[in-house]
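K.L.:
Dropping a prediction and its sequence here:
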There are 2 protein chains.
Amino acid sequence: MTEKPLILVTNDDGINAPGIRTLIRIMNTFGEVVVVAPDSPQSGMGHAITLNSTLYAKQVYIDDGPQKEYSCSGTPADCVKLAIREILDKKPDLCVSGINHGSNSSINVIYSGTMSAAIEAGIEGIPAIGFSLLDYEWHANFENSIPFIKTITEKALKHNIPNDVVLNVNIPNISKEDIKGIKVCRQAKANWVEEFDKRKTPQGKDYYWLTGKFVNLDGGEDTDEWALEHHYVSVVPVQFDLTAHLHIKTLNTWNFK
Amino acid sequence: MTEKPLILVTNDDGINAPGIRTLIRIMNTFGEVVVVAPDSPQSGMGHAITLNSTLYAKQVYIDDGPQKEYSCSGTPADCVKLAIREILDKKPDLCVSGINHGSNSSINVIYSGTMSAAIEAGIEGIPAIGFSLLDYEWHANFENSIPFIKTITEKALKHNIPNDVVLNVNIPNISKEDIKGIKVCRQAKANWVEEFDKRKTPQGKDYYWLTGKFVNLDGGEDTDEWALEHHYVSVVPVQFDLTAHLHIKTLNTWNFK
């Protein structure tokens, strides 16, 4: 690549979140940056898209810098669609999403707006990476993530991410000196055990808050959970062909006609 | 299984949709049915969950029959979580989602609320199937689907769906006599080419409607798209481990430290 790469930056915590502000600063050192991100937080939106209502997008000026920025009323997946079809003049060379405030490791990839934006870009044939820091706080310390995000972005631009794959990167919330390195992993088999907090409205109607405990059921040492617990940055190659190819044979033994 | 199986029924078109009403009637012939479904349409919600607002659920009476029904203010994935943790006394033997008004074949599985409900059940270790009819109309003719849904449910209860796999079933919108049979398939490589319909509000502000054309890029004869075009019901085994296992090796050649 001789020209400066065109980099689309998005997230799910909203265009004002400290995580995306850090990611924009990093990406400005790699190429021409266009930001298209939700105007409000969209955590837990999964791969939602806006079918039954209208979408708005407008250019905004938040921080100094060479980047162009647009805030959008839709979901992370909507932002990527709108960027590609309406806002950008050409296909971006890379799409990065994040830095998410909180983990998107293991099963969280399914619920993650950050990763759905990256996956949406991947479906469109754009190399894409989602970055997440294991700290849910709004004022998390993103500084420790910077060298790892730089290394991974550099490698991705140099080697090319395989077709039909996007990268899910999670970064432990510890000082950069304590991070042991970057590990390529598989998604751990883990899930959430929900606990609904049942309450009553002032009018006496029952309602619930969704809360839960994260449970890792996977003893493997090749998983993202293992890597993160052992102070590594985890990189999982994620695919959007959800076919369980090995089980096509199993189902064929059911003898459908 | 000697006792009657406990079957959880949900969908993404809302508890009043004709598709779920048909599915409830079918499931009543197989076991004890509990319905927990959204109180309003949730199409395109992907795997969204409700983190930042409250959830309501209440028992409702819609059609005659032995089923118990609850409508819920959340997404399809919320409905499954709430059913398992709060509403049901024991883990269901099967979760069925649908019948969706419209296709969830190929890449649509990613955006589908119907399939996210099935996947949520799968994550919880519950055998699960999403059913969709290739007709977006509210008053679609679901009668032709009935024998195929019965066959697939029967086989699933008899043979057990493999662990960590859920079934994505799509049914062509033709008369049952014209359907050639049931085919186990892989997800076709296809995507949507969005076309945003840009308009102005009466106040002169730009806004967009998301529209698009579905494009099948996959010439394979083993895909769900091929099966549906050739008048077969398609069954795709879907997994929620999104790791692109084959590419762990590729990424390791990037020499991360």
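P.N.:
The structure has been received and is ready for your questions.
K.L.:
use CA for all of it now, contacts and neighbours both
P.N.:
Fine.
K.L.:
and the host helix or strand of residue A:96, what does it pack onto?
P.N.:
Assigned by DSSP states H and E, residue A:96 belongs to strand A:94-101. Judged by 3 or more CA pairs under 8 Å, 6 or more residues apart in numbering or on different chains; DSSP states H and E, strand A:94-101 is in contact with strand A:6-10, helix A:18-28, helix A:113-123, strand A:128-133.
K.L.:
one more time with 6 Å, if that's ok
P.N.:
strand A:6-10, helix A:18-28, strand A:128-133 (3 or more CA pairs under 6 Å, 6 or more residues apart in numbering or on different chains; DSSP states H and E).
K.L.:
Tell me which of the ones you listed sits most buried.
P.N.:
strand A:128-133 (a mean of 30; mean count of other CA atoms under 10 Å in any protein chain shown).
K.L.:
Taking strand A:6-10 as reference, get the angle to that strand.
P.N.:
Here strand A:128-133 points in a direction 40 degrees away from that of strand A:6-10 (axes from the mean of the first three to the mean of the last three CA atoms, to 10 degrees).
K.L.:
what is the rounded mean pLDDT of strand A:128-133?
P.N.:
Strand A:128-133 carries an average pLDDT of 98.
K.L.:
Quick check: next helix or strand after it?
P.N.:
Helices and strands here follow DSSP H and E; after strand A:128-133, the next one along the chain is helix A:146-159.
K.L.:
what does the stretch 151-257 of chain A put close to chain B?
P.N.:
The stretch 151-257 of chain A comes close to chain B at residues A:181-182, A:186-187, A:207-209, A:237-239, A:242-244, A:256-257, as judged by CA under 6 Å from any CA of the partner chain.
K.L.:
List only those of those flagged as buried.
P.N.:
A:182, A:186, A:187, A:207, A:208, A:209, A:237, A:238, A:239, A:242, A:243, A:244 (16 or more other CA atoms under 10 Å in any protein chain shown).
K.L.:
how about the residues you listed, which pair is most distant?
P.N.:
Farthest-apart pair in these is A:182 and A:207; separation 43.0 Å (CA to CA).
K.L.:
ok so, going back, in strands, which of the residues of the stretch 151-257 of chain A next to chain B appear?
P.N.:
A:181, A:182, A:207, A:208, A:209, A:237, A:238, A:239 (DSSP state E).
K.L.:
Farthest pair within these?
P.N.:
Spatially, the most separated pair among these is A:181 and A:207, at 44.6 Å (CA to CA).
K.L.:
What does the pLDDT read for residue A:2?
P.N.:
pLDDT, read off for residue A:2, is 58.
K.L.:
Distance of residue A:157 relative to chain B?
P.N.:
Look at residue A:157 and chain B: by CA to the nearest CA, to the nearest Å, they are 11 Å apart.
K.L.:
Tell me, how many residues neighbour that residue?
P.N.:
Neighbours of residue A:157 under the rule other CA atoms under 10 Å in any protein chain shown: 15.
K.L.:
Excluding residues flanking it in the chain, which one is nearest it?
P.N.:
In space, residue A:157 comes closest to residue A:94 once its chain neighbours are excluded; the distance is 7.9 Å by CA to CA, 6 or more residues apart in numbering or on different chains.
K.L.:
burial count for residue A:72?
P.N.:
23.
K.L.:
can I assume it is in contact with residue A:54?
P.N.:
No: contact criterion CA atoms under 6 Å: residue A:72 and residue A:54 do not qualify, at 10.8 Å.
K.L.:
Name the residues linked to the closest residue to residue A:8 other than its chain neighbours by a beta bridge.
P.N.:
Nearest residue to residue A:8, sequence neighbours excluded (CA to CA, 6+ apart): residue A:95, at 4.6 Å. According to DSSP bridges, the residues that bridge with residue A:95 are residue A:8, residue A:128.
K.L.:
And the strand holding residue A:96, how far out from the chain middle?
P.N.:
Strand A:94-101 has its C-alpha centroid displaced from the chain centroid by 5 Å (CA atoms, centre = their mean, to the nearest Å).
K.L.:
angle of it against helix A:113-123?
P.N.:
170 degrees.
K.L.:
Quick one: name whatever helix or strand follows strand A:94-101.
P.N.:
helix A:108-111.
K.L.:
Alpha carbons only: can I get that following helix in PDB?
P.N.:
Below are the C-alpha coordinates for helix A:108-111, written out as PDB (Å, rounded to 0.1, in the frame of the first residue of the first chain):
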ATOM      1  CA  ASN A 108     -19.700 -11.700  24.700                       C
ATOM      2  CA  VAL A 109     -18.800 -11.500  21.000                       C
ATOM      3  CA  ILE A 110     -22.400 -12.500  20.300                       C
ATOM      4  CA  TYR A 111     -24.000  -9.600  22.200                       C
END
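K.L.:
For that helix, give the mean pLDDT please.
P.N.:
In this model, helix A:108-111 carries a mean pLDDT of 89.
K.L.:
and what of stretch A:245-253?
P.N.:
The pLDDT scores in stretch A:245-253 average 94.
K.L.:
Please spell out which residues along that stretch are buried.
P.N.:
For stretch A:245-253, by 16+ other CA under 10 Å, it's A:245, A:247, A:248, A:251.
K.L.:
Among those, name the ones in helices.
P.N.:
A:247, A:248, A:251 (DSSP state H).
K.L.:
count of residues packed around the nearest residue to the last one once chain neighbours are set aside?
P.N.:
In other words, residue A:251. With sequence-adjacent residues excluded and distances taken as CA to CA, 6+ apart, residue A:251 is closest to residue B:184, at 6.8 Å. By the criterion of other CA under 10 Å, residue B:184 has 26 neighbours.
K.L.:
Residue A:66 too?
P.N.:
For residue A:66, the neighbour count with other CA under 10 Å is 13.
K.L.:
what do you get for residue A:176?
P.N.:
Neighbourhood size, residue A:176 [other CA under 10 Å]: 17.
K.L.:
can you pull the contacts of it?
P.N.:
residue A:144 (CA atoms under 6 Å, 6 or more residues apart in numbering or on different chains).
K.L.:
Now the phi/psi pair for it, please.
P.N.:
phi -60, psi -30 (degrees, to the nearest 10).
K.L.:
just checking, residue A:183 touches residue A:234?
P.N.:
Yes: the criterion here is CA under 6 Å, and residue A:183 meets it with residue A:234 at 5.1 Å.
K.L.:
who's more crowded, those two?
P.N.:
More crowded of residue A:183 and residue A:234, by other CA under 10 Å: residue A:234, with 28 against 24.
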